[in-house]
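Visitor: got a predicted structure here, sequence first:
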Amino acid sequence: MKEIRYFFVPDAGKVTELPQEEAKHALKVLRLTSGDEINLMDGEGNFYRAEVSLASSKHCLYQILETFPQQPAWKGKVHLAIAPTKMMDRIEWMAEKATEIGFDELSFLSAKFSERKTIRVDRMDKIVVSAVKQSHKAWKPVVNEMIPFKEFIAQPRTGKKYICHCYEEIDKVDLFAELQKPFDDEGDVTILVGPEGDFSIEEVQLALQHGYVSVSLGTSRLRTETAGLMAVAMANLARRI
């Protein structure tokens, strides 16, 4: 069976031209010409069947032939907020795999024990877009700029809020068990994962004061990127439609 290739085009139903990077791939690699059919995704829940109307050296125009609205595969929104590791390739890998599994939003936290204080959101967004196309996801996860931990937890959020940590002196419940409980609203979930040195105990206590629930991801001690991926997988499975 021939693989279906998708081009990522924000507002694909409203515009008529592939973005520069997508056009380059279509024209230089796939060598598409006028009349060829292509598949588009807008990252907002729609797939499209389209036809190339003009293929020049740098521009690829199209016209929509058919629109295919998609249905969500899980209830509510899954939001992962994580303190990135010193080695960014680990977090980039996690973002790619989490996108393949399925989630809705990715935020980066600057915590007390964080070894990394900056991040290239443009690069991370490109990784997420590539994973969206590869895994045929109808929705593209939102990728946010890094934000101080205290500022993030002070922001109002809908749904359930959880903070993962390893402190034995603070009671924890199992995240997967919590996610399987009935939700009173649409089922939005926000999960915090700390840096390689964990959140500070003061940060955990502050999160609890802001309505976050103290949770465990199991008995194993996980690396930051593994914990983030595990949290997304648990939320996706527990909230699957």
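Guide: Okay, I see it. Numbers count the residues shown, from 1 in each chain.

Visitor: where's residue 108, which helix or strand?
Guide: Assigned by DSSP states H and E, residue 108 falls within strand 105-110.

Visitor: how far off centre is that strand?
Guide: In terms of C-alpha atoms, centre = their mean, to the nearest Å, the gap separating the centre of strand 105-110 from the centre of its chain is 10 Å.

Visitor: any idea of the angle the helix or strand following it forms with strand 105-110?
Guide: Once strand 105-110 ends, the next helix or strand along the chain (criterion: DSSP H and E) is helix 121-135. Inter-element angle recorded for helix 121-135 and strand 105-110: 150 degrees (by axes from the mean of the first three to the mean of the last three C-alpha atoms, to 10 degrees).

Visitor: list the buried residues for the helix or strand following helix 121-135?
Guide: Taking DSSP H and E as the definition, the helix or strand that follows helix 121-135 towards the C-terminus is strand 142-148. With burial defined by 16 or more other C-beta atoms under 10 Å, the residues of strand 142-148 counted as buried are 143, 144, 146. From N, CA and C alone the C-beta is placed, and that goes for glycine too.

Visitor: do stretch 24-41 as well
Guide: Taking 16+ other C-beta under 10 Å as the basis for neighbour counts, the residues of stretch 24-41 that come out buried are 26, 27, 32, 38, 40, 41.

Visitor: can you give me the mean pLDDT across it?
Guide: Taken as a whole, stretch 24-41 carries a mean pLDDT of 94.

Visitor: contact partners for the residue positioned nearest the centre of the chain?
Guide: Most central in the chain under C-alpha atoms, centre = their mean is residue 141, positioned 3.8 Å from the mean C-alpha point. Counting by C-beta atoms under 8 Å, 6 or more residues apart in numbering, residue 141 touches 98, 99, 103, 104, 105, 106, 128, 132.

Visitor: among these, which ones are buried?
Guide: Buried residues within these, defined by neighbour count using 16+ other C-beta under 10 Å: 98, 99, 103, 104, 106, 128, 132.

Visitor: mind checking pLDDT for the nearest residue to the third one once chain neighbours are set aside?
Guide: In other words, residue 103. Leaving out its chain neighbours, the residue that sits closest to residue 103 by C-beta to C-beta, 6 or more residues apart in numbering is residue 78, at 4.1 Å. Looking at residue 78, its pLDDT reads 97.

Visitor: from residue 44, how far off is residue 78?
Guide: Taking C-beta to C-beta, to the nearest Å as the measure, residue 78 and residue 44 are separated by 16 Å.

Visitor: pull the contacting residues for residue 107.
Guide: 79, 80, 81, 82, 144, 147, 152.

Visitor: which member of those residues is positioned nearest residue 181?
Guide: Compare each of the contacts of residue 107 with residue 181 using C-beta to C-beta and the shortest gap goes to residue 79, at 18.0 Å.

Visitor: what's the angle between the helix or strand residue 235 falls within and strand 105-110?
Guide: In the assignment (DSSP H and E), residue 235 maps to helix 224-238. Here the directions of helix 224-238 and strand 105-110 differ by 150 degrees (the same axes, to 10 degrees).

Visitor: show me what contacts the residue nearest to residue 70 when sequence neighbours are not counted?
Guide: The shortest distance from residue 70 to any residue that is not its chain neighbour, by C-beta to C-beta, 6+ apart, is 3.6 Å, and that residue is residue 138. Under the criterion of C-beta under 8 Å, 6+ apart, the contact list for residue 138 reads 41, 43, 44, 45, 46, 47, 70.

Visitor: now with 10 Å, please.
Guide: When contacts are counted by C-beta atoms under 10 Å, 6 or more residues apart in numbering, residue 138 touches 41-47, 68-73, 102, 132.

Visitor: how far away is it from residue 66?
Guide: From residue 138 over to residue 66 the distance is 15 Å, taken as C-beta to C-beta.
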